[in-house]
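Student: Quick check, what structure comes out for this input:
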Amino acid sequence: NVQSFCGSCIFPPSADGVCVFKCLVNRDTEYCRVGKESVLITLGYNSALLQFKSHSDYSTFSNALKRCRNQKKEHSAFNQRTEEASAAQYFQFYGCLSQQQNMMQDFVRTATYHRAILQNYIDFKDKVVLDVGCGSGILSFFAVQAGARKVYAVEASSVAKYAEILVRSNNLSDKIIVLSGKIEEVSLPENVDVVISEPMGYMLFNERMLESYLHSKKWLKSNGMMFPTFSDIHLAPFSDEQLYMEHYSRANFWYQQCFYGVNLSSLRSAAVDEYFRQPIVDTFDIRILMARTVKYTVNFTEAEEEDLHRVEIPFVFQMMQSGLIHGLAFWFDVAFVGSLVTVWLSTAPTEPLTHWYQVRCLLQTPLFAKEGETLSGKVLFVANKRQSYDIQIVAVVDQTGFKSGNILDLKNPFFRGGTEGTPQYTAPKKGWSGWCPPPPPRFPVAAAWCLGTMGSPAPHMLGCWLLHSSFWEHASGG
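Tutor: Numbers count the residues shown, from 1 in each chain. Reported below is the predicted structural model:
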């Protein structure tokens, strides 16, 4: 007995209520005829040979498959906002176990999610959970550890088959259901109590996974919860002469007038423009920050997908020191607001390093500002179909009228090496699965720092400084 709907067909239980075989197929399902009354069908990484009692039964099934094959591909919200080439590259990247390992071994990331879920076990016990972009399924396992009754783990990349293997090998097939597909296209059999996901990219917004996370709310009950619950993106002006000159020196390759007999100098200007369009992914010493941060909040429980198509962040900074402003530094925090405790995951430069690092955007022309003057302007994120954003920065020193800015391509960041630290690619020892290190103190009374630990302060910042609690608090996003 075969029923087809919405471009798919399913095999319901038999008349006596016993289900001997059940699967979901779509227009991309591979199958072939074997003999007169049998079909070989490929389902994920398994194949099934279906033999029918009669030619009539075979024809019914075959016609259902043909109807699925003839269905037009659905133009989901994801497909409408994403170029096909970008999506293919994206899912190929996350389909690699090496990339899953890179994220899982980020101890700050994984341990914080584990702590947020386990310490709020009351929000998961006997609940139905949706894991959006589950990857290896690690968050789904955490939800089950917290007592979840059922977890729907949705993953669009080929790593879904590995998640299924892990579920089976851990004997949790009755708890975790892996659904291969995009959250914008899959169908769940029921609404859920909690949505969990790790949708953050560089500068929070990169990869546009946040929109898929917000889209998943269509399956969330009216009183449901989201982990993470909201996010704060922080920005502050910085001074780093060395970084600025590094970017210029990268373009000096194109200044050569005799490169194997070829004059390259006509391309130097274009090279400078391209390099300055690259956001810089690295970490830095907080001494390069010149003002207290400005914060922009995205509340995932209230925001809609359209709210992230264009994000405008106005800012007014009161300069805490005099010097050249070379650009703006960005990082983000996310909060897991549970019934028992609120847990924070921070990518601030004052916290242990994560695989998100921090991101800096250079101004095309540095601005000079004195202590006490104000720097005002805005940062505009405009979503594009390459699963990223075009960034426009406009900044002006109000007292002098000096103005600068830049337009950057978040899809093409520059991963700066040599000065940054390394994320904590470690894990708790065996038997310590429930242990997490306490967070470092966020507001010390005073801290003495010496030059050269992690960042590259501008020349006027040479020497040792005493950072008092007021500066530390605001630099760390407190």
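
Student: what's in contact with stretch 370-381?
Tutor: Here stretch 370-381 makes contact (C-beta atoms under 8 Å, 6 or more residues apart in numbering) with 205, 235, 237, 291, 310-322, 325, 328, 367, 369, 389-400, 405, 410. Every residue, glycine included, has its C-beta placed from N, CA and C.

Student: Kindly recompute the last result at 7 Å.
Tutor: 205, 235, 237, 311-322, 325, 328, 369, 389, 391-399 (C-beta atoms under 7 Å, 6 or more residues apart in numbering).

Student: Quick one, which of those are buried?
Tutor: 205, 235, 237, 311, 313, 315, 317, 319-321, 325, 328, 369, 389, 391, 393, 395-397 (16 or more other C-beta atoms under 10 Å).

Student: Which other helices and strands does whichever helix or strand His326 is part of contact?
Tutor: Using DSSP states H and E, His326 sits in strand 323-337. On a contact count with 3 or more C-beta pairs under 7 Å, 6 or more residues apart in numbering; DSSP states H and E, strand 323-337 meets strand 230-238, helix 241-250, strand 342-346, strand 358-369.

Student: Which strands and helices lie in contact with the longest one?
Tutor: The helices and strands touching strand 358-369, judged by 3+ C-beta pairs under 7 Å, 6+ apart, are helix 241-250, strand 280-282, strand 323-337, strand 388-397, strand 403-409.

Student: In JSON lines, list the helices and strands packed on strand 323-337 along with mean pLDDT and distance to Gly137.
Tutor: Shown next, in JSON lines, are the helices and strands packed on strand 323-337 (pLDDT from 0 to 100; distance: least, C-beta to C-beta, whole Å):
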{"stretch": "strand 230-238", "mean pLDDT": "99", "distance to Gly137": "23"}
{"stretch": "helix 241-250", "mean pLDDT": "93", "distance to Gly137": "39"}
{"stretch": "strand 342-346", "mean pLDDT": "98", "distance to Gly137": "19"}
{"stretch": "strand 358-369", "mean pLDDT": "98", "distance to Gly137": "29"}
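
Student: Tell me the spacing between Ala160 and Lys125.
Tutor: As judged by C-beta to C-beta, to the nearest Å, Ala160 and Lys125 stand 26 Å apart.

Student: oh sorry, the question was meant for Phe330
Tutor: 37 Å.

Student: pretty sure Tyr90 contacts Arg386?
Tutor: No: counting by C-beta atoms under 7 Å, Tyr90 stays clear of Arg386, with 9.4 Å between them.

Student: Count the neighbours of the closest residue to Asn263 other than its chain neighbours for me.
Tutor: Distance criterion C-beta to C-beta, 6 or more residues apart in numbering; nearest residue to Asn263, sequence neighbours excluded, is Gln257 at 4.9 Å. By the criterion of other C-beta atoms under 10 Å, Gln257 has 9 neighbours.

Student: Just say helix, strand or coil for Gln257.
Tutor: coil (DSSP: H, G, I helix; E, B strand; the rest coil).

Student: report the longest helix in the protein, please.
Tutor: Counting by DSSP state H, the longest helix found in the chain is helix 55-70.

Student: Output it as PDB, nothing but the C-alphas.
Tutor: Taking Å, rounded to 0.1, in the frame of the first residue of the first chain, the C-alpha atoms of helix 55-70 are listed here in PDB:
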ATOM      1  CA  HIS A  55       2.300  -7.000 -11.200                       C
ATOM      2  CA  SER A  56      -0.500  -4.700 -10.100                       C
ATOM      3  CA  ASP A  57       1.200  -3.900  -6.800                       C
ATOM      4  CA  TYR A  58       4.400  -3.300  -8.600                       C
ATOM      5  CA  SER A  59       2.800  -0.900 -11.000                       C
ATOM      6  CA  THR A  60       1.200   1.000  -8.200                       C
ATOM      7  CA  PHE A  61       4.600   1.500  -6.500                       C
ATOM      8  CA  SER A  62       6.400   2.200  -9.800                       C
ATOM      9  CA  ASN A  63       3.800   4.900 -10.700                       C
ATOM     10  CA  ALA A  64       4.200   6.500  -7.300                       C
ATOM     11  CA  LEU A  65       8.000   6.700  -7.800                       C
ATOM     12  CA  LYS A  66       7.500   8.300 -11.200                       C
ATOM     13  CA  ARG A  67       5.100  10.900  -9.800                       C
ATOM     14  CA  CYS A  68       7.800  11.800  -7.300                       C
ATOM     15  CA  ARG A  69      10.400  12.000 -10.100                       C
ATOM     16  CA  ASN A  70       8.200  14.300 -12.100                       C
END
